[in-house]
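Trainee: I'd like to go over a predicted model; first the sequence, then the structure.
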Amino acid sequence: MSWYDHVDAIGTKINQRLGKKHLPTHACITFYNSLISALFDYADIVWGDKNNTSLMHQLQVLQNRAAKVILDAPMSSSPTEALNELG
């Protein structure tokens, strides 16, 4: 599996999990921290191509989108605020 395939697989998993959100805000934050953030954190030390700005950008966009969806924030809002609220 290439790193591109790996990032695509993570994106697929995250999008599947985000589609099942019908919880109160505090439960959504727990959901994000346990089931979505873990996908980003798993083996983050050994990312094969950390200098590949395209892959890193794709992961950041996924994380920003996930944070906004979980918090039911407008897509035009600042991703930094959403990520800070999720801790």
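Mentor: Received it, and whenever you're ready, just let me know what you need.

Trainee: so where's this structure shaky on pLDDT?
Mentor: 1, 19-21, 43-50 (pLDDT under 70).

Trainee: ok, the spatially most central residue of it - contacts?
Mentor: Taking CA atoms, centre = their mean as the criterion, Gln63 is the residue nearest the geometric centre of the chain, at 2.9 Å. Neighbouring residues of Gln63 by CB atoms under 8 Å, 6 or more residues apart in numbering: Phe40, Pro79, Leu83. For the C-beta atoms, the positions are set from N, CA and C on the backbone; glycine is no exception.

Trainee: just the buried ones from those, in PyMOL syntax?
Mentor: To isolate in PyMOL the members of those that are buried, counting by 16 or more other CB atoms under 10 Å, one can use:
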select buried, resi 79+83
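
Trainee: ok, the contacts of Gln63 vs Pro24, which is closest?
Mentor: Leu83 (19.8 Å; CB to CB).

Trainee: who's in contact with the closest residue to the closest one other than its chain neighbours?
Mentor: Distances taken as CB to CB, 6 or more residues apart in numbering put Ala67 closest to Leu83, at 4.9 Å, once the chain neighbours are dropped. Neighbouring residues of Ala67 by CB under 8 Å, 6+ apart: Tyr32, Ala73, Pro79, Ala82, Leu83, Glu85, Leu86.

Trainee: same thing but at 6 Å, please
Mentor: Ala82, Leu83, Leu86 (CB atoms under 6 Å, 6 or more residues apart in numbering).
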